[in-house]
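Colleague: structure here, sequence nowhere to be found:
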């Protein structure tokens, strides 16, 4: 009898732990979604640097946010709201860190200096830049790259990039676009892009438009390095 009772108790405890785990997981997922809600983002954006570091949220604030969310037909307990704020703060800190790195990249080199780089150095510069804005970047082998120099990965995006460091006197034609189309297929990417220090011919622009390839010429490259263009 005691053994049976003990086994029943264990079963009950395991079942209870499973229920608690599932509930906690659901609340964590809800908190993640809630962290992107405009009400939460607005509150986090108003926090001072010291408040962001301490991450101290009193019950009055949680109650006020809970009421604001209820007015928008969003029901969440205060624990979930607190977790969502923590996630939003973490996201904001990450964005600030990325912006600092971007500014360092921007200060370290300008487009005139890029003209002095070799092709491999240009690829390395682009790798460092895309890493700084949150992409996972892998460089393909120098020879036989199958049409892509860099592979960028971020969330569901996988981008094949062909980097062309050329003198401004010559424009890039169809070949560079055709190469990156091959790279997109070979590396199983969802997108393709050609980045150059010069410009593209009209034929290359038309081919890229039809093949859904993004072209970043010298003008767009300057904007990108200055944070005014995003891939």
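Modeller: Received the coordinates, thanks. This one's a predicted model, so the numbers in the text were calculated from it and none came from an experiment.

Colleague: and the host helix or strand of residue 224, what does it pack against?
Modeller: Following DSSP states H and E, one finds residue 224 within helix 218-225. On a contact count with 3 or more C-beta pairs under 8 Å, 6 or more residues apart in numbering; DSSP states H and E, helix 218-225 meets helix 111-114, strand 191-196. Every residue, glycine included, has its C-beta placed from N, CA and C.

Colleague: tell me the buried residues in it?
Modeller: 218, 220-222, 224-225 (16 or more other C-beta atoms under 10 Å).

Colleague: now those as JSON lines including distance to residue 11 and pLDDT?
Modeller: Formatted as JSON lines, the buried residues of helix 218-225 follow (distance: C-beta to C-beta, whole Å; pLDDT from 0 to 100):
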{"residue": "218", "distance to residue 11": "69", "pLDDT": "91"}
{"residue": "220", "distance to residue 11": "63", "pLDDT": "90"}
{"residue": "221", "distance to residue 11": "64", "pLDDT": "89"}
{"residue": "222", "distance to residue 11": "66", "pLDDT": "85"}
{"residue": "224", "distance to residue 11": "59", "pLDDT": "85"}
{"residue": "225", "distance to residue 11": "62", "pLDDT": "79"}
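
Colleague: ok, residue 14 to residue 20 distance?
Modeller: 11 Å (C-beta to C-beta, to the nearest Å).

Colleague: scratch that, residue 65
Modeller: 25 Å.

Colleague: and the two? Which one has more around it.
Modeller: Set residue 65 next to residue 20 and count neighbours by other C-beta atoms under 10 Å: residue 65 wins out with 23 against 10.

Colleague: helices or strands up against the lowest-mean-pLDDT helix or strand in the chain?
Modeller: Ranked by mean pLDDT, DSSP states H and E, the weakest helix or strand in the chain is helix 111-114, scoring a mean of 72. In terms of contacts (3+ C-beta pairs under 8 Å, 6+ apart), helix 111-114 is packed against helix 218-225.

Colleague: apart from its neighbours in sequence, what residue is nearest residue 176?
Modeller: Closest residue to residue 176 apart from its sequence neighbours, by C-beta to C-beta, 6 or more residues apart in numbering: residue 194 at 5.0 Å.

Colleague: should've said residue 224
Modeller: Excluding the flanking residues, the one nearest residue 224 by C-beta to C-beta, 6+ apart is residue 216, at 6.5 Å.

Colleague: residue 164 too?
Modeller: Closest to residue 164 by C-beta to C-beta, 6+ apart is residue 196, at 4.1 Å.

Colleague: tell me how many other residues surround the one you found.
Modeller: Other residues close to residue 196 by other C-beta under 10 Å number 23.

Colleague: and it, what pLDDT?
Modeller: Residue 196 carries a pLDDT value of 94.

Colleague: would you mark the buried spots in whichever helix in the chain runs longest?
Modeller: Using DSSP state H to define each element, the chain has its longest helix at helix 2-34. Neighbour counts over helix 2-34 (16+ other C-beta under 10 Å) mark 27, 30-31, 34 as buried.

Colleague: hang on, the residue nearest to residue 176 packs against residue 207?
Modeller: No: using C-beta atoms under 8 Å as the test, residue 194 is too far from residue 207 to be in contact (10.5 Å).
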